[in-house]
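S.K.: Sequence and computational prediction follow.
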Amino acid sequence: MTGLDEALLDDEEALGQADSAHVLRALAGAGAQVRQAIERTAESVPDSARFTDRPRAVIVAGRGGSALVADALAALIGPSGPVPVVALTGGALPAWVGALDLVVAVSMSGRAEGAVSIAAEAGRRGASVLSVSTPDSPLGEVSARYRAAHVAVPQRGNGAIPIATTRTGLWSMLTPALLLCSELGLIPDGPDTGPAGLSALADALDAEAEACRPASPAFVNPAKALAMELHNTVPVVLGNGPMATVAAHRAAAALARTARIPAAFGALPDDAGDVVATFGGPFAAREHDVFADPFVDGPSGPLLRLLMLTLAEDRTETVVADIAQRNGVRVSDVRSDQDTPLRTFGQVVARVDFAATYLALAGGHDPSVNPQVADLRDALR
């Protein structure tokens with residue numbers, strides 16, 4: 001495994017040179033994304049395009065990083081919420097979807113075939129449609145054709161904060177859907193996802209970006225410290241609750257795509273047994289052989305590490321962490337000091353996003369592009 005350049009983490013100028021696509025700056029603009037999305041949603045979704053009645057169901061079309069919009073909405077509305085949330089990552093729009101339903105189509109580029117075709121079919125059937133994408137895109141054109149609400153994601157060269165990838169533009173995609181669902185009374189904790197609650201979220205994201213900024217030294221920077229903890233490990237990311245599980249999924253994807261570290265994720269308490277079972281396996285703690293020769297035997301392999309995303313106190317989490325430590329498995333704990341589900345989610349996601357980016361940069365990788373993923377995408381076209 002590539003070594004970690006810890007000196008780079010404390011060199012703001014060197015970090016800036018390594019981060020040629022300005023991914024760190026894009027992550028720091030998460031709060032600005034929320035504020036811009038609030039304004040653009042108010043401008044782009046006129047009263048005539050808004051629901052006057054609660055929809056029968058919410059269908060969210062998006063894949064890759066955009067799929068997180070569906071996961072977050074489903075977690076916030078919850079299984080006991082007033083309407084079901086259906087996530088579509090591909091395929092056709094279900095036959096039962098019609099004029100009583102809300103379809104949210106999300107694609108940062110506006111060119112994802114699934115989101116475009118689903119939005120078009122939803123418009124043809126008379127469903128209410130909210131789309132989120134870059135301006136002048138196929139998804140935007142479909143929305144205009146069916147007079148659907150379309151919120152444009154700001155781009156570079158437009159006075160906008162830099163958005164390098166779908167992952168760094170999360171809040172530009174998620175905020176419009178949160179606003180509309182909150183307005184429709186679909187989210188139990190509605191004030192948290194209305195304009196005032198989202199403005200408070202933006203402030204919390206600004207505070208996290210300040211704590212994780214490149215100029216902050218590693219010994220006080222929580223994201224840099226987490227990056228060093230996760231180096232040369234096989235992380236298992238655990239979340240304790242619906243929103244924490246969404247954050248865990250996001251964290252595992254960020255570690256894989258950005259930092260090139262394979263990571264698994266799970267939910268507590270359901271996955272506790274599967275995780276604890278690995279503590280006696282080959283990736284758990286092993287005795288150090290003082291006679292081992294690294295030139296003959298090779299470097300030791302990566303070890304299992306738990307990454308606990310704590311949005312609320314949970315007994316199962318404490319028990320799993322205790323068992324891990326008794327078996328020599330190290331634990332990293334990311335805790336939020338916020339007081340609402342959405343703000344705790346935002347803070348934890350931001351922390352891990354920054355950590356994955358620092359881990360990529362210190363490992364000699366470009367966090368903005370992944371050649372292997374690009375090869376896969378090209379091969380499947």
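M.R.: Cool, got the structure.
S.K.: Check which helix or strand Leu309 maps to.
M.R.: strand 303-310 (DSSP states H and E).
S.K.: Which SSE is immediately downstream of the helix or strand hosting Val349?
M.R.: For Val349, the element it lies in under DSSP H and E is helix 341-362. Next helix or strand after helix 341-362 toward the C-terminus (DSSP H and E): helix 371-380.
S.K.: How far does that following helix sit from its chain's centre?
M.R.: Distance of helix 371-380 from its chain centroid, counting by CA atoms, centre = their mean, to the nearest Å, is 21 Å.
S.K.: got the buried residues for that helix?
M.R.: Using 16 or more other CB atoms under 10 Å as the test for burial, helix 371-380 gives no buried residues. Heads up, the C-betas are built off the backbone N, CA and C, glycines and all.
S.K.: what's it in contact with?
M.R.: Contact with helix 371-380 is made by Arg257, as judged by CB atoms under 8 Å, 6 or more residues apart in numbering.
S.K.: mind saving the C-alpha coords of it as PDB?
M.R.: Extracted in PDB, the C-alpha atoms of helix 371-380 (Å, rounded to 0.1, in the frame of the first residue of the first chain):
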ATOM      1  CA  PRO A 371      -9.300   6.300 -13.900                       C
ATOM      2  CA  GLN A 372     -10.600   2.900 -13.200                       C
ATOM      3  CA  VAL A 373     -14.100   4.200 -12.700                       C
ATOM      4  CA  ALA A 374     -13.800   6.100 -15.900                       C
ATOM      5  CA  ASP A 375     -12.700   2.900 -17.700                       C
ATOM      6  CA  LEU A 376     -15.700   1.100 -16.400                       C
ATOM      7  CA  ARG A 377     -18.100   3.900 -17.500                       C
ATOM      8  CA  ASP A 378     -16.600   4.000 -21.000                       C
ATOM      9  CA  ALA A 379     -16.800   0.200 -21.300                       C
ATOM     10  CA  LEU A 380     -20.400   0.100 -20.400                       C
END
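S.K.: quick one: low-confidence parts of the stretch 251-381 of the chain?
M.R.: Applying pLDDT under 70 to the stretch 251-381 of the chain picks out residues 286-301.
S.K.: follow-up on the earlier one: run the angle between the helix holding Val349 and strand 303-310 for me.
M.R.: Interaxial angle, helix 341-362 versus strand 303-310 (axes from the mean of the first three to the mean of the last three CA atoms, to 10 degrees): 150 degrees.
S.K.: where along the stretch 201-350 of the chain do the helices fall?
M.R.: With DSSP state H, counting those that start in this stretch, the ranges of helices along the stretch 201-350 of the chain come out as 222-230, 242-257, 272-277, 294-297, 315-326, 341-362.
S.K.: Mind putting those helices into a markdown table with mean neighbour count and distance to Ala263?
M.R.: Putting these into a markdown table (neighbours: other CB atoms under 10 Å; distance: least, CB to CB, whole Å) gives the following:
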| stretch | mean neighbour count | distance to Ala263 |
| --- | --- | --- |
| helix 222-230 | 22 | 9 |
| helix 242-257 | 24 | 4 |
| helix 272-277 | 14 | 13 |
| helix 294-297 | 8 | 26 |
| helix 315-326 | 16 | 16 |
| helix 341-362 | 26 | 9 |
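S.K.: which one of these lies closest to Ser199?
M.R.: helix 341-362 (11.0 Å; CB to CB).
S.K.: Val329 versus Phe283, what's the distance?
M.R.: Per CB to CB, to the nearest Å, Phe283 is found 9 Å from Val329.
S.K.: and if you look at Glu113?
M.R.: Taking CB to CB, one finds Glu113 at 42 Å from Val329.
S.K.: And for Asp136?
M.R.: Distance, Asp136 to Val329, using CB to CB: 50 Å.
S.K.: Please identify which of these two sits among more neighbours.
M.R.: Val329 (24 against 10; other CB atoms under 10 Å).
S.K.: and the more buried one, what is it in contact with?
M.R.: Taking CB under 8 Å, 6+ apart as the contact definition, Val329 lies against 279, 284-285, 303-306.
S.K.: For ChimeraX, what selects the buried ones among those?
M.R.: Applying 16+ other CB under 10 Å to those, the buried members can be selected in ChimeraX as follows:
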select :279,303,304,305,306
